[in-house]
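Novice: Prediction below, plus the sequence it came from.
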Amino acid sequence: MKSLSGIILALITIALVIAGGTFYIVDETKQVVITQFGKPIGKPVSEPGLYMKLPFIQQANYFDKRFLAWDGDPNQIPTKDKRFIWVDTYARWRISDPLLFFQRLRDERRAQSRLDDILDGETRNTVAKHRLIELVRTSNPRPKPEYTGGGKEKAVEKLEPIKFGRERLQQEVLENAQKRVADLGIEILDFRFKRINYVEEVRREVYARMISERKRIAEQYRSEGAGQAAKIAGEKERELKIITSQAYRKAQEIRGKADAEAADIYAKVYEKDRNFYDFYRTMESYKRIMDKKTIMLFTTDQEVFKYLEDAHGGR
């Protein structure tokens, strides 16, 4: 009885093993290539479901249907204008033909290694054919108006124009790499420059050039400011001189008019009373030629003492 139970258990185990080797499941994320003694047979299975194969003889090889990531190692690459830079890249790819993929590459590890060679090589070729400015910019910016003083603006373009740009260079790498993987059963969906940076020696040089450029721009602004200040100061001095000249002319006109009126008054007074006019002019002359400390010696017959003599009763 015990031997019969053991035989039944053994048969059940064998049946399960055979069933397990006969059926295989394909889910939504996988595709399968069936091999017999290591050689692929039939078409790849990409539709989800439960499938059968010969146990022990045939084997199911699973491959991913989803988009796969490739992350390149940073490489030091010279540009066309002899600038050494670090370029870090990434890409997205998928297995487009699992049968061809299995025949050429077998698994994803070998595919990643092959992509390293292809994408790194095409990146190096593309970078070496273009200037650094083409890698760091995507387009030519529109010229912006620059204030030049006096309420006027002018359009200037300070950045050097580019011909291709980063987007076009990424597309160039993608197109060239796609041609090289066409017979590998894979498709490169996207390629990007993740990061671009100078090597240390070039970075110091660039920083020094940036500092020098900023100093030049600052000096230009200072020079323009000094020019504007000098212009404003000159206009102020000119306006001040105009105002002073006009004020002086006005003062002279007023003074001349006053002198004319005074002379007219003097003439009228002289005509009315000549003796009083002579007396007044003589008194004015006394004020101008004498003060408290003045000592003067004259004879009494001098014209200037005529009224002094009359004031003292003829003495």
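Specialist: Great, that's in hand.

Novice: where does the stretch 101-250 of the chain have low pLDDT?
Specialist: 142-159 (pLDDT under 70).

Novice: chain center to the helix or strand hosting Ile34: distance?
Specialist: If you go by DSSP states H and E, Ile34 is part of strand 30-36. With C-alpha atoms, centre = their mean, to the nearest Å as the basis, strand 30-36 stands 54 Å off its chain's centre.

Novice: Let me know the average pLDDT across that strand.
Specialist: On average, the pLDDT along strand 30-36 is 93.

Novice: Need the contact partners of that strand.
Specialist: Strand 30-36 is contacted from outside by 24, 26, 40-42, 44-46, 51, 53-54, 57-65, 95, 98-99, 102, using C-beta atoms under 8 Å, 6 or more residues apart in numbering. For the C-beta atoms, the positions are set from N, CA and C on the backbone; glycine is no exception.

Novice: that's a helix at Lys293, yeah?
Specialist: No - judged by DSSP: H, G, I helix; E, B strand; the rest coil, Lys293 forms no part of a helix; its state is coil.

Novice: Span of stretch 49-61 from start to end?
Specialist: One end of stretch 49-61 to the other measures 15 Å (C-alpha to C-alpha, to the nearest Å).

Novice: in that stretch, what counts as buried?
Specialist: Neighbour-count burial for stretch 49-61 flags 53, 58-61 (criterion: 16 or more other C-beta atoms under 10 Å).

Novice: So which of the residues you listed is the closest to Val173?
Specialist: Of all the buried residues of stretch 49-61, Val173 sits closest to Asn61, with 30.8 Å by C-beta to C-beta.

Novice: so that closest one sits in a helix?
Specialist: No - looking at Asn61 with three-state DSSP, it is strand, so not inside a helix.

Novice: For it, which non-adjacent residue is spatially closest?
Specialist: Val33 (4.7 Å; C-beta to C-beta, 6 or more residues apart in numbering).

Novice: what's the burial count for the one you found?
Specialist: As a burial measure, Val33 scores 22 neighbours (other C-beta atoms under 10 Å).

Novice: likewise Asn125?
Specialist: Asn125, neighbours per other C-beta under 10 Å, totals 13.

Novice: Assumed it was part of a strand.
Specialist: No - assignment of Asn125 by three-state DSSP gives helix, placing it outside any strand.

Novice: sorry, back to before: same list, the buried residues of stretch 49-61, but as a markdown table with distance to Lys82 please.
Specialist: Putting the buried residues of stretch 49-61 into a markdown table (distance: C-beta to C-beta, whole Å) gives the following:
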| residue | distance to Lys82 |
| --- | --- |
| Lys53 | 59 |
| Gln58 | 58 |
| Gln59 | 54 |
| Ala60 | 54 |
| Asn61 | 48 |
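
Novice: on that earlier part again, CA atoms of the strand holding Ile34 as PDB?
Specialist: Taking Å, rounded to 0.1, in the frame of the first residue of the first chain, the C-alpha atoms of strand 30-36 are listed here in PDB:
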ATOM      1  CA  LYS A  30       7.300  40.900 -21.700                       C
ATOM      2  CA  GLN A  31       7.900  39.200 -25.100                       C
ATOM      3  CA  VAL A  32       9.200  35.700 -25.500                       C
ATOM      4  CA  VAL A  33      11.500  33.900 -27.900                       C
ATOM      5  CA  ILE A  34      11.200  30.000 -27.800                       C
ATOM      6  CA  THR A  35      14.500  28.100 -28.300                       C
ATOM      7  CA  GLN A  36      15.100  24.400 -28.900                       C
END
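
Novice: List the buried residues of that strand.
Specialist: 30-35.

Novice: and if you look at stretch 171-183?
Specialist: For stretch 171-183, using 16+ other C-beta under 10 Å, the buried residues are 172-174, 176-178, 180-181.

Novice: what's the answer for stretch 82-100, then?
Specialist: 83, 85-89, 91, 93, 95-100.

Novice: State the pair within those residues that is farthest apart.
Specialist: Maximum distance among the buried residues of stretch 82-100 (C-beta to C-beta): 44.6 Å, for Arg83 and Leu99.

Novice: Report the secondary structure element holding Asp116.
Specialist: helix 108-128.

Novice: hmm, I was thinking of Leu240
Specialist: helix 200-272.

Novice: cool, Glu47 as well?
Specialist: Judged by DSSP H and E, Glu47 forms part of no helix or strand.

Novice: Contact partners for it?
Specialist: Val26.
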